[in-house]
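Visitor: When you get a sec, could you give me coordinates for this:
(4 chains)
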There are 4 protein chains.
Amino acid sequence: MNNELDFNFEDELHEECGVFGMYDFDGGDVASTIYYGLLALQHRGQESCGIAVSDTGSSRAKVSAHKGMGLCNEVFTPEILEGLRGDIGVGHVRYSTAGSSTRENAQPLVLNYLKGTLAMAHNGNLVNAPDLRRELEYNGAIFQTTIDSEVIAYHIARERVKAATVEAAVANAMKKLKGAYSLVIMSPRKIIGARDPYGFKPLCIGKRDNAYILVSESCALDTLGAEFVRDVRPGEVVTITKEGISSDTSLCPTDKSKEARCIFEYIYFARPDSVFDGVSVYHSRMCAGRALAMDSPVEADLVVGVPESGNAAALGYSLQSGIPYGTAFVKNSYVGRTFIKPKQSNRESSVRIKLNVLKEAVMGKRVIMIDDSIVRGTTSALIVNMLRESGAKEVHVRISSPPFLHPCYFGTDIPNEDQLMAHNRTIEEIRDLLGADSLSYLKIERLNEMAEGLPICTACFSGDYPIEPPKEDIRGEYME
Amino acid sequence: MNNELDFNFEDELHEECGVFGMYDFDGGDVASTIYYGLLALQHRGQESCGIAVSDTGSSRAKVSAHKGMGLCNEVFTPEILEGLRGDIGVGHVRYSTAGSSTRENAQPLVLNYLKGTLAMAHNGNLVNAPDLRRELEYNGAIFQTTIDSEVIAYHIARERVKAATVEAAVANAMKKLKGAYSLVIMSPRKIIGARDPYGFKPLCIGKRDNAYILVSESCALDTLGAEFVRDVRPGEVVTITKEGISSDTSLCPTDKSKEARCIFEYIYFARPDSVFDGVSVYHSRMCAGRALAMDSPVEADLVVGVPESGNAAALGYSLQSGIPYGTAFVKNSYVGRTFIKPKQSNRESSVRIKLNVLKEAVMGKRVIMIDDSIVRGTTSALIVNMLRESGAKEVHVRISSPPFLHPCYFGTDIPNEDQLMAHNRTIEEIRDLLGADSLSYLKIERLNEMAEGLPICTACFSGDYPIEPPKEDIRGEYME
Amino acid sequence: MNNELDFNFEDELHEECGVFGMYDFDGGDVASTIYYGLLALQHRGQESCGIAVSDTGSSRAKVSAHKGMGLCNEVFTPEILEGLRGDIGVGHVRYSTAGSSTRENAQPLVLNYLKGTLAMAHNGNLVNAPDLRRELEYNGAIFQTTIDSEVIAYHIARERVKAATVEAAVANAMKKLKGAYSLVIMSPRKIIGARDPYGFKPLCIGKRDNAYILVSESCALDTLGAEFVRDVRPGEVVTITKEGISSDTSLCPTDKSKEARCIFEYIYFARPDSVFDGVSVYHSRMCAGRALAMDSPVEADLVVGVPESGNAAALGYSLQSGIPYGTAFVKNSYVGRTFIKPKQSNRESSVRIKLNVLKEAVMGKRVIMIDDSIVRGTTSALIVNMLRESGAKEVHVRISSPPFLHPCYFGTDIPNEDQLMAHNRTIEEIRDLLGADSLSYLKIERLNEMAEGLPICTACFSGDYPIEPPKEDIRGEYME
Amino acid sequence: MNNELDFNFEDELHEECGVFGMYDFDGGDVASTIYYGLLALQHRGQESCGIAVSDTGSSRAKVSAHKGMGLCNEVFTPEILEGLRGDIGVGHVRYSTAGSSTRENAQPLVLNYLKGTLAMAHNGNLVNAPDLRRELEYNGAIFQTTIDSEVIAYHIARERVKAATVEAAVANAMKKLKGAYSLVIMSPRKIIGARDPYGFKPLCIGKRDNAYILVSESCALDTLGAEFVRDVRPGEVVTITKEGISSDTSLCPTDKSKEARCIFEYIYFARPDSVFDGVSVYHSRMCAGRALAMDSPVEADLVVGVPESGNAAALGYSLQSGIPYGTAFVKNSYVGRTFIKPKQSNRESSVRIKLNVLKEAVMGKRVIMIDDSIVRGTTSALIVNMLRESGAKEVHVRISSPPFLHPCYFGTDIPNEDQLMAHNRTIEEIRDLLGADSLSYLKIERLNEMAEGLPICTACFSGDYPIEPPKEDIRGEYME
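Guide: Below you'll find the predicted structure:
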């Protein structure tokens, strides 16, 4: 195996969050539905989760909340859900880098302000958070978390002093926020959803009977037996009250080309059964696979995907090329975030524990292996090696996204540039490090096809940032 | 047993908090010493506890904190203490009424503000907290807890924008705070202690080798093998830096009679081995017992205390009267806050589970039973009954404090007036409800003797409040 | 949806156990390797797990053990593994029916007997356990668990009084045991593996450097980077000592046709990357899929598997029929055993929470849906319905095993006959209940092909039991 | 402080167990009453506890049990108690030496045998357990715990094969058991209590309405509001069935002088509010204090007890001598078994954390300090030192039991002889080590007065064992 690679780092990208909001006009308890909704969003964040609910019917709406470190299944029990009574609520799942993975930073953020209580769930990253924070501190603000959401909350609270409604306060606050944010906010008798004017992160509206839902991904609506109504528009503020749903589109860009959806949602983060802004995630991955087959064909006996995210592109490649699709890997679904990682002194390796090759399937075959992306490349190198050990005659690697070259400031956890395998290396050098017979990436031009023409952010591939990146590094732990 | 009493309520008073701060100039880790200090303060709060530490030696002082619901033994493990590295730190134990007993309200409060991080531990209650809170909200503040400490923190943060030092900011903030507060504050390289100008709640300074300590009760200093240096003066702000200890007494009342120490600390809350402002708690209880013997003598065979707080007064009564002191009760020390309370359908009662009578000791005797106070009176009635069942010929009840008549707004959890046994009842009516042969309370004039002339707050007995009480009820859970 | 079905029951079969043993001649600690081995066997049992180790080097070999309810990730921590020191050890994962799912029944069973300590891990069920138990009780035996393993242990202990070695005692005890048992036993300085003469349950030998491994499935060897040596023969007793490996084959049937491997291991229980007695599980599932395509063809646009176990057969069907393979379902891998099941009053259903349909993939298509088996049929009916709701034009169900008709007494948890969908129903009636356009099962004759001629037990399909079934119901909880 | 002492060991004796049994003829659930009963016995064992119940009304009596490591408050929750339904049950609290403090050894022991299920709670130690164990093993027995109770259970099971009733089996088994055992046994429809013929450990009968209770100490009956009926006689087997209570006294010694109650129950283990065999524990301690005052008088100003067990003797000394009784120590009741012990590098000491001196009370005084016994003596030396530091002019130590010289084989955890302070030392040498002004022990002749003439075991003081001690050391962990 290649010694140039450092196998000590985790080799996975992480989305930062999933958000959920619900208002049941029939007065039913929403907590357990939010729980099932968060389960469907769990892939977006596995470090902490939380639910806050309120009862619009009571004279003095009081927020009940529970949050904690861990998966939904670890944080919530039937008794806890039972104790969260209310017909209105928000939920959140969260990932963060290790340093600031604390209970304090778990969401929803629940706070009291001039007009009562507010609970907020946020997905995304602000690029001007440090500036905003400093400005607030010069006005005597105190911060009890290190999350951007607290900065957003302050701005809403300040605007609320002047504004007629909380939704107006949200819209006013948004004018100062730069970056990615999909928000779901619960005020005592309203649920508000907002998406930044670039539309970096997804947010959509669903409906079940007399209940409205706001949620990061449409797959959660299927899970709940709810129907998809529509996506929240970039820049839109949606307000759900007893009177129904209303919308403020004053911040929506008139020039649609200013929008900049995160293409990585389609490539990797989102569940394939989700549809964002009219584009099916599954379809876009199939499409990337087909494009790879057209642009980078190779003779082979078998097309396989690296589970789970490589499978759809592999199907696309197979259908386009006519080379049979197959399964080469068995993933151990019991190896979660909390499994005890092998120490370096152990003979076992994390990759082998998570993934095994079906020798039967690859023995003696020329294999095309499709993966969604290469970050550090260590996992890919190990997997190529495992395929060879299992008797694969050739291993051709096809990546259903372009080479990964630049940091992201909008909510994706990407390591330093020099840890990125594609940084300062030619394709040939990467192929050599992976030990593959051939290697091709998706052409950057193909991304538009994947997104069916939606305006997208491709900064991590192109370095072309829709918002000027911050001067200081805002990623990871926030420290004063 | 008397049916006029409602036995469904807890019949105990609760102190709200204990605070601790430490700065070790020799650079040792303070977390485990703070842990042992909090253990010695545990009687002041058993609902939640926490420790925050910082390392003054590191270039970028970072706060490590851990807090949780439960006793020190439940919240802290050796691993957690090991992870809290720093030569400077604050700790807190807390009690609260049920409603707001949440993880969010646990202290120390840790926050970021203009000048870095701040950790604060607070004992007491502000009477103008709702006003201050509202004023802050009109300026766009957000609140994530329901504790007064957050209001105090905001004022310090706001003053800090203008003030040259954090201790100056504390002093300026104190000018706006009305009520009871003993504070211990950690800024990255300082420990600050402050006591309100009335001196409601205790706070003292200790020293061990090259480490300074600030703590609610002197008994914790004995536990740690530290020496008592002096009490913090009412209104004083004490600052401990690498340079040593300094003091700002500008807010100390020049007219000492304006001071108003909480007499209930001496009567019940504090440990008998503590000394506040020069007066030994043990001595003041003995003194109350002697006074009772002088003012309310009765012929009897045995003087017993209701454990633990009645024992010292019983000794005083015995020494003064010459009637032998004895032990009549065995307390089960394994029945903690978390024991499963008997349901009404159970045959068992909470009082019997906690306390048993030594039949051997009281059989056939005329017993004088000394208790520190009567709140709802339900426990007292049950205990008198148990003494009779065990063969006591007569039971004479003596209470080492005056009748309890008025609510407290300064940090003691006292039920509504109409739940107080002494409210609207004559001594004779109370005696009858208790089923005692005679009953006497300490005369209110005797309180000054107990406190050896220190100016005290006697509002709960006299209704004479040193600060005008708030118009709205600020006790219990704070809700917007 | 069809109302004839009762949707209140779980609709899944469960394997009862996985076993693991290891002896490291180089003296390394085996506990963490056993942990990773159990992770690879976790699909065989998710209710409890345990590890027992011993140090052959110490003068007085002492067993350290840890077991608990839950998954490996929940039961073990790095500290616990660290505390299990030894170069020899056994491990176990377990499933059981609800009633006897107690900590007491967790394995390995650790006991003291005449010759010191013994730890035993067992996979399978004895049919004569009640008889053996009663006989032992008539001799004064006491039982502290309700697992068959305790009966086996007694027999070994009794034989050990007379036998020269523990392996001889095991062989002698086996003469009295009727039923299915794959055993891994640790005596202070030996690891012993034994498989019943029918070979119902798998057991194989692996090697890594100077360490021998005994394990239920070969996939665990891949995970550990160990090589597969060979399967333990039906009836064989394998002994691993410092001197190496030895074997007693005196109980191996000379007539191989008497062997009776559980065909359900190939159909459903085992991981596809395991190979038992020379037959690849993946290959046998592909083979069943091909057979279905040959025996029960239908015109369609897409072949899909119900994840995970239906996927390999679906690939086989696709390859044989030429109809494209596709993915129709997204499984939520965060919905584990401990997720909060929806109450009947909830609008959500367990199936939808676990599985969602990729509308994009099935819309407007004629779909062939391959599943490994139908137990109660409720899940299948719901999934067919979900496919239709998602726009599938036709749904043709193909089951890669014959109709399920008879109970199993050898270690598989099968409900009462009348809860089995195929019981007393024609294929047409079942098809109607499922709401499918067509339905076919694998022909029973095809099972031999799946197993490549190995002698198999087909009792659950054919009612043809290799050992006479017990008169009383031995399944589920054992009660006196 | 004296350097000859090793302060690294715990300096406390431990009782091994408390037992409880209950049969409610009115069919009420007994679990919560057992829980409160165990709370009252918690001082007898704090390492593990458990409850097993059964429902005599159901056709097939099934045992429900729950046990775990820790205090009753930690092991039981309202939900767990709720789940333990039955009108008959047994409970247990346990202490053990560190090595064998495992979940496996927690009691009650629940087992199946010839005649159904049996649950057993045991207090005491057998001296012939190793012999009996070996004999059983030669008959093929297996042991899953290291507690004597399993040996007893085997003998009952073996006798049951021949005996007509379970109580007859118990009586027959008792003929083989040598040592100390107070047993409470639940068979599906009976509660059986048995006490060894020496009566080492206490066991008494209580009654509440239509429920019978068997319990180690009478104080638990007071707690439950039950009346004391009588003690179980040494050697007696008491059986409670639906028909009422019956008794088998065939094993009771006709020569009462053969009885040998453990005198340490009176000196230290038992709660002072318990009465055993007609003798009040409180009274016997008072009596020891009076005897000390008569035999070892000294001029002084104050008599104090080391809490809690020294207090009653101190009262006795004070009453006899006329020297005033006082309180010198404040015990921190929040320092439980689980508090984090200070490391040697810490400045804090366990004794100071647990106990503080009331300076106010001892300053300038000549103090007589009464303790119940001296084991290693390290704690006593520290406490004498603390009294001096607090200003005591003289410290006279009086011990309310004779010097501790010999090991105990009957259920008390006593360290090796050479760790006993009194071993090979003169009284003067011990006084010097303690740093006391004078030291006296209770005369051994006075023990009979304490026990009011009851035949007692004084082996730990006199070396005069009522049963020949075992040749091998049976204390601590049992290992084969």
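Visitor: In the stretch 251-400 of chain A, where is pLDDT below threshold?
Guide: Judged by pLDDT under 70, the stretch 251-400 of chain A has no weakly predicted residues.
Visitor: Now do the end-to-end distance for stretch A:20-31.
Guide: Its start and end residues considered, stretch A:20-31 measures 11 Å (C-alpha to C-alpha, to the nearest Å).
Visitor: sorry, that was for stretch A:361-370
Guide: Stretch A:361-370 has an end-to-end distance of 16 Å (C-alpha to C-alpha).
Visitor: who in chain A is up against chain B?
Guide: A:60, A:62, A:103-104, A:109-114, A:116-118, A:137-144, A:146, A:150, A:153-154, A:157-158, A:160-161, A:479-480 (C-beta under 8 Å from any C-beta of the partner chain). Glycine gets a C-beta too; all of them are placed from N, C-alpha and C.
Visitor: So for stretch A:266-286, what gets flagged as buried?
Guide: Going by neighbour count (16 or more other C-beta atoms under 10 Å in any protein chain shown), the buried part of stretch A:266-286 is A:266-277, A:279-286.
Visitor: Among these, which are located in strands?
Guide: Secondary structure defined by DSSP state E assigns A:275-276, A:279-280 of the buried residues of stretch A:266-286 to strands.
Visitor: Report the residue ranges of every domain in chain A.
Guide: Following automatic domain parsing, one gets these domains for chain A: A:14-259, A:275-462.
Visitor: The first one vs chain C: in contact?
Guide: By that I understand domain A:14-259. Yes. Contact of domain A:14-259 with chain C is found when judged by C-beta under 8 Å from any C-beta, involving A:32-33, A:35-36, A:39-40, A:42-43, A:46, A:71-73, A:76-78, A:81, A:208-209, A:219, A:222-225.
Visitor: from these, which ones fall inside helices?
Guide: Under the assignment DSSP state H, these contribute A:32-33, A:35-36, A:39-40, A:72-73, A:78, A:81, A:219, A:222-223 to helices.
Visitor: Provide a PyMOL selection command restricted to the buried entries of those residues.
Guide: If you want just the buried ones from those in PyMOL, going by 16+ other C-beta under 10 Å, the selection is:
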select buried, chain A and resi 32+33+35+36+39+40+72+73+81+219+222+223
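Visitor: From the ones in helices among the residues of domain A:14-259 next to chain C, pick the one nearest chain D.
Guide: For those, the closest approach to chain D (C-beta to the nearest C-beta) belongs to residue A:78, at 11.0 Å.
Visitor: residues touching the closest one, list them.
Guide: Listed by C-beta atoms under 8 Å, 6 or more residues apart in numbering or on different chains, the contact set of residue A:78 reads residue C:340.
Visitor: any idea how far the residue lying closest to residue A:57 once chain neighbours are set aside lies from residue A:242?
Guide: Once flanking residues are discounted, residue A:57 sits nearest to residue A:27: 6.2 Å by C-beta to C-beta, 6 or more residues apart in numbering or on different chains. Look at residue A:27 and residue A:242: by C-beta to C-beta, to the nearest Å, they are 11 Å apart.
Visitor: Same question for residue A:450.
Guide: 41 Å.
Visitor: Comparing those two, which shows the higher neighbour count?
Guide: A count of neighbours by other C-beta atoms under 10 Å in any protein chain shown puts residue A:450 above the other of residue A:450 and residue A:242, at 25 against 12.
Visitor: would you say residue A:252 is within a strand?
Guide: No. Read with DSSP: H, G, I helix; E, B strand; the rest coil, residue A:252 is coil and lies in no strand.
Visitor: Dump the ones in helices among the residues of domain A:14-259 next to chain C into TSV; add pLDDT as well.
Guide: Formatted as TSV, those follow (pLDDT from 0 to 100):
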residue	pLDDT
A:32	96
A:33	97
A:35	97
A:36	97
A:39	97
A:40	97
A:72	95
A:73	92
A:78	92
A:81	95
A:219	97
A:222	96
A:223	95
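Visitor: Out of the ones in helices among the residues of domain A:14-259 next to chain C, flag the one nearest to residue C:123.
Guide: Residue C:123 lies nearest to residue A:73 out of those, by C-beta to C-beta, at 27.2 Å.
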